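K.L.:
sequence and predicted structure are below.
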Amino acid sequence: ANLPVFSGQNPVFIPGPTNIPDRLRYAMSIQTTDHRAPDFVELLGPLLGDLRKVFKTATGEVITFPASGTGGWEAAITNTLSPGDKVLVARYGMFSHRWIDMCQRHNLDVEVIECEWGCGAPADRFGERLAADTDHAIKAVLVTHNETATGVVSDVGAVRRAMDAAGHPAMLYVDCVSSLASMDFRMDEWGVDLAVTGSQKGFMLATGMAIVGVSRRAMEATRTATCPRCFFDFRDMGGANAKGGFPYTPPLQIMYGLRESLKMLLDEGLDEVFARHHRIAEGVREAIRAWGLSLCAKSPDLYSDTVSCVYVPEGFDSNLLTNHAFDTYGVSFGVGLGPMSGKAFRIGHLGSLTDVMALSGIATIEMAMKDLGYPIRLGSGVAAAQEYYRATAGATRKAA
Ligand code: PLP
């Protein structure tokens, strides 16, 4: 009954869409302008240029579509592959699973490496499989950089090294939906051919824009790829963009938001943005440790700085916990997805978030757990996070 009062007052702790800073809400609140007017290029050109900085690509280009991240996946696949093409992909969470499903529905020949959820992309197993593929039937390797369902970040550079060591020419496709603009991502250095994200995570905007980094090689592949595409055609979009336009109506409000978001991110500095995410995530992890709960991510090198997936103790239902936190305190946390449903909840800590905001989320889920009889001591997680944030506060002040 109190929810309308809470609405918009409390931050969300879901791993995207993320909290939208007022500055970006204002930037998106603009009157319609004409996307066919000569000045549209003044908005579009710098946007695409700045996006390349965030992807860390000097040689690739960035293509955007009115869509969510899933549309970006579809664009990446259909523009560069043909039905029957073999792709190699590991399943270690709900999003890698959904990418596999999409490839299958596009009639690709999908070879799946099954991994326990909580693990990351298995660079060594990719390497072994690629080395055995001597006639180079595998056209693409697909990696989910940050598996949002399990809170696991994968080492994309290691996958690239494994591909190179196998001397294999497959292209590398990376889902960076919940990592780009929050955690380090290096499109050129890691030899990523297609990098897919959306507007509603690290960019802190409304949902509605798919953003895809495309290497020269991937753009070249569009010439021979025969998967059907129309709305998501890279060459239609790239061609129109090159002339300063869009092949159809662009999501103008999001584009104005993105202009401001890129300014915020680049003014803060990407390294500082990543450091801020890491620090906030560490505080959340300190709290989880203090509660005596465990993360789904199997080892510290896999800990994601944008989302933590936390197992609830035996005999408790994580869905009741997230519902209770929402109903009672008006705060959203991520539910457990797929096989994690009921077993784990997720704390999203990406985008527009401060240590003080993170403390409110930690305090809230702590209250909710206490309400439901979890064996935790009220204040224990908050105190652990407070200690960490106090001890590291100078770092933020310096960055700010
Ligand atoms: N990939 C990952 C890692 C995600 O976290 C998500 C969404 O949460 C998606 C893909 C799908 O993106 P969207 O919901 O924007 O279509």
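P.N.:
Alright, I've got the coordinates. Numbering: from 1, shown residues only.

K.L.:
flag every buried residue along stretch 34-42.
P.N.:
Across stretch 34-42, burial judged by 16 or more other C-beta atoms under 10 Å covers His35, Phe40. To be clear about C-beta, it is placed using only N, CA and C from the backbone, and glycine gets the same treatment.

K.L.:
looks like Cys115 contacts Pro122 (just checking).
P.N.:
Yes. The pair Cys115 / Pro122 is scored as a contact, 5.8 Å apart, by C-beta atoms under 8 Å.

K.L.:
mutual contacts of the two, please.
P.N.:
Listed as contacting both Cys115 and Pro122 by C-beta atoms under 8 Å, 6 or more residues apart in numbering are Ala90.

K.L.:
any buried residues in the strand or helix carrying Glu286, and which?
P.N.:
Applying DSSP states H and E as the criterion places Glu286 in helix 270-291. Of the residues in helix 270-291, 270, 272-288, 290-291 count as buried by neighbour count, 16+ other C-beta under 10 Å.

K.L.:
please enumerate the helices of the stretch 101-250 of the chain.
P.N.:
Assigned by DSSP state H, counting those that start in this stretch, the stretch 101-250 of the chain shows helices spanning 123-132, 156-165, 216-221, 234-242.

K.L.:
just the pLDDT for Ala1.
P.N.:
We note a pLDDT of 44 for Ala1 in this prediction.

K.L.:
by proximity to the ligand, which residue of the stretch 201-350 of the chain wins?
P.N.:
Thr207 (6.2 Å; C-beta to the nearest ligand atom).

K.L.:
single out the most deeply packed of the helices of the stretch 101-250 of the chain.
P.N.:
Highest mean neighbour count of those: helix 156-165, a mean of 20 (counted as mean count of other C-beta atoms under 10 Å).

K.L.:
let me know the angle separating that helix from helix 123-132.
P.N.:
Between helix 156-165 and helix 123-132, the angle comes out at 20 degrees (axes from the mean of the first three to the mean of the last three C-alpha atoms, to 10 degrees).

K.L.:
who's in contact with helix 156-165?
P.N.:
So helix 156-165 is contacted by 121, 123-124, 126-127, 130-131, 141, 143, 145, 170, 172, 174, 185-186, 189-192 (C-beta under 8 Å, 6+ apart).

K.L.:
cutoff 7 Å now
P.N.:
Applying C-beta atoms under 7 Å, 6 or more residues apart in numbering, the external contacts of helix 156-165 come out as 121, 123-124, 126-127, 130, 141, 143, 145, 170, 172, 174, 190-192.

K.L.:
which of those residues sits closest to Leu302?
P.N.:
Checking the contacts of helix 156-165 against Leu302 with C-beta to C-beta, the nearest one is Ala121 at 10.0 Å.

K.L.:
go ahead and confirm that closest one touches Ala90.
P.N.:
Yes. If you go by C-beta atoms under 7 Å, Ala121 and Ala90 touch, sitting 5.6 Å apart.

K.L.:
if we can go back for a sec, so for the closest residue to the residue of the stretch 201-350 of the chain closest to the ligand other than its chain neighbours, what's the pLDDT?
P.N.:
In space, and not counting its chain neighbours, Thr207 is closest to Gln200: 4.0 Å by C-beta to C-beta, 6 or more residues apart in numbering. On pLDDT, Gln200 comes in at 98.

K.L.:
what's the answer for Gly394, then?
P.N.:
77.

K.L.:
how much does the helix or strand hosting Trp73 deviate in direction from helix 234-242?
P.N.:
Element membership of Trp73, judged by DSSP H and E, is helix 69-80. Angle of helix 69-80 versus helix 234-242, following the same axes, to 10 degrees, is 110 degrees.

K.L.:
following helix 69-80, which helix or strand comes up?
P.N.:
Heading C-terminal from helix 69-80, the first helix or strand you meet, by DSSP H and E, is strand 86-91.

K.L.:
and that next one, what other elements does it pack with?
P.N.:
helix 94-105, strand 109-114, strand 138-144 (3 or more C-beta pairs under 7 Å, 6 or more residues apart in numbering; DSSP states H and E).

K.L.:
between strand 138-144 and the second one, find me the angle.
P.N.:
Relative orientation of strand 109-114 versus strand 138-144 (the same axes, to 10 degrees): 40 degrees.

K.L.:
what residues does the stretch 151-300 of the chain put near the ligand?
P.N.:
For the stretch 151-300 of the chain, the contact set with the ligand under C-beta under 6 Å from any ligand atom comprises Asp175, Val177, Ser178, Gly198.

K.L.:
okay, the residues you listed in TSV with neighbour count next?
P.N.:
Listed next are those as TSV, based on neighbours: other C-beta atoms under 10 Å:
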residue	neighbour count
Asp175	28
Val177	27
Ser178	31
Gly198	29
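
K.L.:
output the residues you listed in a markdown table; the columns should cover distance to Thr33.
P.N.:
Output for those, formatted as a markdown table (distance: C-beta to C-beta, whole Å):
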| residue | distance to Thr33 |
| --- | --- |
| Asp175 | 32 |
| Val177 | 29 |
| Ser178 | 31 |
| Gly198 | 23 |
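
K.L.:
quickly check those residues for the two that are furthest apart.
P.N.:
Across these (C-beta to C-beta), the longest gap, 10.2 Å, separates Asp175 and Gly198.

K.L.:
Cys309: what's it in contact with?
P.N.:
Counted by C-beta under 7 Å, 6+ apart, Cys309 has contacts Ala149, Thr150, Gly151, Leu295, Cys296, Ala297, Met340, Ala344, Arg346.

K.L.:
for it, name its beta-bridge partners.
P.N.:
Arg346 (DSSP bridges).

K.L.:
distance of it relative to Met28?
P.N.:
30 Å (C-beta to C-beta, to the nearest Å).

K.L.:
just Ile100 next, same as before
P.N.:
34 Å.
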